[in-house]
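> Sequence first, then the predicted structure:
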Amino acid sequence: MSRPETDSPSKPRLPVDAVARATREAQRDGIFAGLSSGLVSAILGSKLFRLNRNATILCGIVTGIVSGYQFTQGFLAANIARLEQEKARLHQQAAQLDPTTTS
């Protein structure tokens, strides 16, 4: 299994607690997005496509799960990118304040 880019020696790793918080926030947002899209899918399935009760429920559940997973992945990528950008900005500010620091 290959290691992610954040483990390369030239790029410092993000703190574990920050990654855990970003993951938890992405999961929370993904759950909300999945529930919302599942509800909309069930409503559209029953009203627009005239699906029966079981098909409507199945449509809502499958759509909610798939879209929730996809949204979670997207939110996680955005959160990690934001953390890396913040860490780079802080590292740059520290380097400007103390140019003798090389870490």
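That came through, no problem.

> If we ignore the residues flanking it in sequence, what's nearest residue 71?
In this structure, residue 71 finds its nearest non-sequential neighbour in residue 33, 3.8 Å apart by CB to CB, 6 or more residues apart in numbering. Using the backbone N, CA and C atoms, a C-beta is placed for each residue, glycine as well.

> Residue 63 against residue 39, yeah?
No - look at residue 63 against residue 39 with CB atoms under 8 Å: they stay out of range, at 9.3 Å.

> more crowded one of the two?
Applying other CB atoms under 10 Å to residue 63 and residue 39 shows that residue 63 carries more neighbours, namely 19 against 13.

> which residue packs closest to that one, ignoring adjacent ones?
residue 41 is the one closest to residue 63 (CB to CB, 6+ apart), at 3.7 Å.

> number of nearby residues for that neighbour?
Neighbour number of residue 41 under other CB under 10 Å is 19.

> got a list of what it touches?
Counting by CB atoms under 8 Å, 6 or more residues apart in numbering, residue 41 makes contact with 59-60, 63-64.

> other SSEs contacting the host helix or strand of residue 74?
Secondary structure assignment for residue 74, by DSSP states H and E: helix 53-97. If you count contacts as 3 or more CB pairs under 8 Å, 6 or more residues apart in numbering; DSSP states H and E, helix 53-97 packs onto helix 16-47.

> so how far is the helix it packs on off the chain centroid?
10 Å (CA atoms, centre = their mean, to the nearest Å).

> Now do the buried residues in that helix.
Of the residues in helix 16-47, 19, 22, 26, 29-30, 33-34, 37-38, 41-42, 45-46 count as buried by neighbour count, 16 or more other CB atoms under 10 Å.
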